[in-house]
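1. have a look at this prediction, sequence included:
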Amino acid sequence: MQPILLTGASGALGRMLARELAAQGHRLRLTDIVPFPDALPEHASFEAADLNDGVTIARLAEGVSHILHFGGVSIDMQFETVFGPNLRGLYHIYEAARREGARVVFASSNHSIGFHLRETRLDADCAFRPDSFYGLSKAYGELMGRLYWDKHGVENINYRIGSCFPEPRDRRALSTWLSYADLARLVRATLAAPRLGHAVIWACSANPAGYWGEDHRDRIGWQPQDSAEAWREQLDHITTNDPAIESHQGGPYCAPGYSRAAAPTANAFDLP
Ligand code: 15L
């Protein structure tokens with residue numbers, strides 16, 4: 001079995017996937033800009049790398065079957081901070097995949113389409129409406145996947161991740177939550193799929209209040225099994241008074257000051 005390269009291995013989702021994939025017997029090459037905080041799983045190695053460093057990314061990708069790209073800036077920040085890891089870094093990932101004939105699994109985000117209104121049910125071929133520099137970088141990553149499939153036959157799958165946390169945290173997450181278990185099953189289905197082409201998946205659990213419809217999940221045979229609905233009573237009142245936040249799918253990232261805050265913030269509740 002060829003190894004798998006996992007970027008962003010030291011982040012919350014990376015650590016969970018490293019554990020899960022190692023338990024399934026995969027050989028893993030883990031990388032992140034910060035050290036891996038856990039004990040290394042069996043058959044895994046770790047090397048710190050900056051996504052700006054294309055030579056190191058190319059070396060780490062030698063001989064892999066898949067690049068699971070969960071690295072880069074994972075919340076909105078100022079443009080210059082997002083630019084290197086999320087735009088130049090994506091190019092390094094796709095060039096490495098092209099050279100190796102590897103598939104790319106890209107952790108995209110709902111923030112690539114965050115300015116759609118909450119009452120609009122979206123299919124995967126909807127227009128990009130990024131809500132932040134971060135969301136713009138995710139739209140760019142999906143389009144890079146489109147380019148490398150059309151031009152070089154690099155297969156790729158783009159997970160438009162909603163809110164992937166151990167539990168949903170506010171009313172919006174009743175629509176956008178993705179459980180860790182559903183993400184782990186999604187990756188498992190992806191790795192086993194005979195054909196991906198260029199695919200886009202709404203990566204959220206089976207939430208009855210979900211915003212999203214058609215995508216390419218039939219290609220990989222994935223169906224989410226969890227739901228945020230059980231948290232409704234606890235979370236229904238956790239909202240803000242800001243209409244820009246509450247009317248758009250991207251929530252807090254849609255606030256005009258969001259990308260401009262001196263210190264990056266992850267939640268509406270952190271805004272000054
Ligand atoms: C994301 O893309 C972020 O990585 C995460 O921190 C959350 O903000 C999530 O979106 C969300 O929309 O809840």
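-> Thanks, I have the structure now.

2. going forward, measure contacts and count neighbours with C-alpha atoms only.
-> Fine.

3. residues of this protein that sit close to the ligand?
-> Counting by Cα under 6 Å from any ligand atom, the residues of the chain lying close to the ligand are Ser74, Ile75, Ser109, Gly162, Ser163, Gly250, Ala266.

4. which of these are buried?
-> Buried by 16 or more other Cα atoms under 10 Å: Ser74, Ile75, Ser109, Gly162, Ser163, Gly250, out of the residues of the chain next to the ligand.

5. now render the residues you listed as CSV, adding pLDDT.
-> Below are these laid out as CSV (pLDDT from 0 to 100):
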residue, pLDDT
Ser74, 96
Ile75, 93
Ser109, 98
Gly162, 98
Ser163, 98
Gly250, 98
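
6. ok, back up a step: which of the residues of the chain next to the ligand fall in strands?
-> Ser109, Ser163 (DSSP state E).

7. and which of the residues of the chain next to the ligand is nearest to Asp236?
-> Ser163 (15.8 Å; Cα to Cα).

8. thought Arg217 was touching Gln223?
-> Yes: in terms of Cα atoms under 8 Å, Arg217 counts as a neighbour of Gln223; the distance is 7.5 Å.

9. what is the neighbour count of Leu183?
-> A count of nearby residues for Leu183, using other Cα atoms under 10 Å, gives 22.

10. how much space between the residue nearest to it when sequence neighbours are not counted and Ser259?
-> Of all residues not flanking Leu183 in the chain, Ala203 sits nearest, at 7.4 Å (Cα to Cα, 6 or more residues apart in numbering). Applying Cα to Cα, to the nearest Å, the value for Ala203 to Ser259 is 24 Å.

11. tell me which helix or strand comes right after the helix or strand of the chain with the lowest mean pLDDT.
-> Of all helical and strand segments in the chain, the minimum by mean pLDDT, DSSP states H and E falls on helix 79-82, at a mean of 92. Per DSSP states H and E, helix 79-82 leads on to helix 89-100 as the next helix or strand towards the C-terminus.
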